[in-house]
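Chemist: Based on what follows, work out the 3D shape:
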Amino acid sequence: MKIVVDWDRCEANGVCVRAAPESFHLDDKDQLHVLTESVPSELRAKVEKAIRGCPKQALSLSEE
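Modeler: Here you go, the predicted structure:
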């Protein structure tokens, strides 16, 4: 599975970072960075929580 970000919707609210810090990071300029584009099985539950929690619905998963 691959993390997909709709950059037009993303406001870098940080909800995903709090839910899955191994996969998402906000830099000093509040720009979102995806750290693990391909989601390992051990992080899938955290990434799915981050996707569900995104207030702008800017995150999704796709088959690679």
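Chemist: For the longest helix seen in the chain, enumerate the helices and strands it packs against.
Modeler: When the chain is parsed with DSSP state H, its longest helix is helix 44-53. With contacts defined as 3 or more C-beta pairs under 8 Å, 6 or more residues apart in numbering; DSSP states H and E, helix 44-53 has these neighbours: helix 15-19, strand 59-62. (C-beta placed from N, C-alpha, C; glycine too.)
Chemist: winner for burial among those?
Modeler: Neighbour counts (mean count of other C-beta atoms under 10 Å) averaged over each of those peak at helix 15-19, with a mean of 20.
Chemist: Partner strands of whatever helix or strand comes next after that one, with direction?
Modeler: Where DSSP states H and E defines the elements, the next helix or strand beyond helix 15-19 is strand 24-26. If you go by DSSP bridges, strand 24-26 pairs up with strand 32-34 (antiparallel).
Chemist: what's next to the strand it pairs with, contact-wise?
Modeler: 3, 5, 10, 12, 16-17, 23-27 (C-beta atoms under 8 Å, 6 or more residues apart in numbering).
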